[in-house]
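> Turn this into a model:
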Amino acid sequence: DGIKTMDFSHLTNLPLALHIHLLAAVSAAVLGPVALYRRQRDIWHKTAGYLWVVVMLTVAVGAFWLEAVILPIWGGFGVIHLLAGPVIWTLWHGVQAARAGHVARHRAYMRGLYWQGLMVAGLFTLLPYRVLNRVLFPGTPELGYGVILVIALGAGIVAMRRRGPAPEADRPG
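Predicted structure coming up:
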């Protein structure tokens, strides 16, 4: 049978709300590094940042028009909907920090939201039988677990390297 290539047919019959949510999430993932890691805080940073806030807000608010299929709590709402509130709260406080000139606080809010609110949440879209899993891994949905594991391990290694060695007092001895 061999390896199947991506199958975009799974995207054709989705509700409009899911198309908007997906487009906004992908846009946020692409815009994020420009807005968050550009060395110069210039017009490119500001433009990408404003656009990023808009698409992140679209992702969060748009989620309320989506039905939870994994871990539903009540009606069509599920655990994933509980993340929308903190995303909106963090966007608000991140923008307020920038307006007040609190650059470090602004950076922390926005980078945290990018990595935890977008990238980590995005990994869960790779779980078997989710739409993006069916698009990316047709015929072998279990590959989603492997990709999640590899990315999580890689992120853990990067985080440990950035932290550096433990202080003398914390080393086993």
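> Contacts only, for the nearest residue to residue 144 once chain neighbours are set aside.
Once flanking residues are discounted, residue 144 sits nearest to residue 126: 4.0 Å by C-beta to C-beta, 6 or more residues apart in numbering. From N, CA and C alone the C-beta is placed, and that goes for glycine too. Going by C-beta atoms under 8 Å, 6 or more residues apart in numbering, residue 126 touches 132, 133, 136, 137, 144, 147, 148.
> Let me have these in CSV, extended by pLDDT, secondary structure and distance to residue 5.
Formatted as CSV, the contacts of residue 126 follow (pLDDT from 0 to 100; DSSP: H, G, I helix; E, B strand; the rest coil; distance: C-beta to C-beta, whole Å):
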residue, pLDDT, secondary structure, distance to residue 5
132, 82, helix, 15
133, 83, helix, 15
136, 85, helix, 10
137, 87, coil, 10
144, 88, helix, 16
147, 89, helix, 16
148, 88, helix, 21
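> Mind giving me the PyMOL select for those residues, buried ones only?
Of these, the buried ones can be selected in PyMOL as follows, counting by 16 or more other C-beta atoms under 10 Å:
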select buried, resi 132+133+136+137+144+148
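> so which strand or helix has the nearest residue to residue 27 once chain neighbours are set aside?
Using C-beta to C-beta, 6+ apart and skipping residues adjacent in sequence, the residue nearest residue 27 is residue 55, 4.5 Å away. Assigning secondary structure by DSSP states H and E places residue 55 in helix 43-62.
> tell me the mean pLDDT for that helix?
For helix 43-62, mean pLDDT rounds to 92.
> Quick check: the gap between the residue nearest the centre of the chain and residue 91.
Nearest residue to the geometric centre of the chain (C-alpha atoms, centre = their mean): residue 118, 1.4 Å. The gap separating residue 118 from residue 91 is 11 Å, by C-beta to C-beta, to the nearest Å.
> intersection of neighbour lists for these two?
Joint contacts of residue 118 and residue 91 (C-beta under 8 Å, 6+ apart) are residue 56.
> Could I get the phi/psi values of residue 139?
Main-chain dihedrals, residue 139, degrees, to the nearest 10: phi 80, psi -20.
> Number the residues from 41 up from this point.
Got it, first residue is 41 now, which makes that one residue 179.
> what number of residues lie near it?
When neighbours are counted by other C-beta atoms under 10 Å, residue 179 registers 11.
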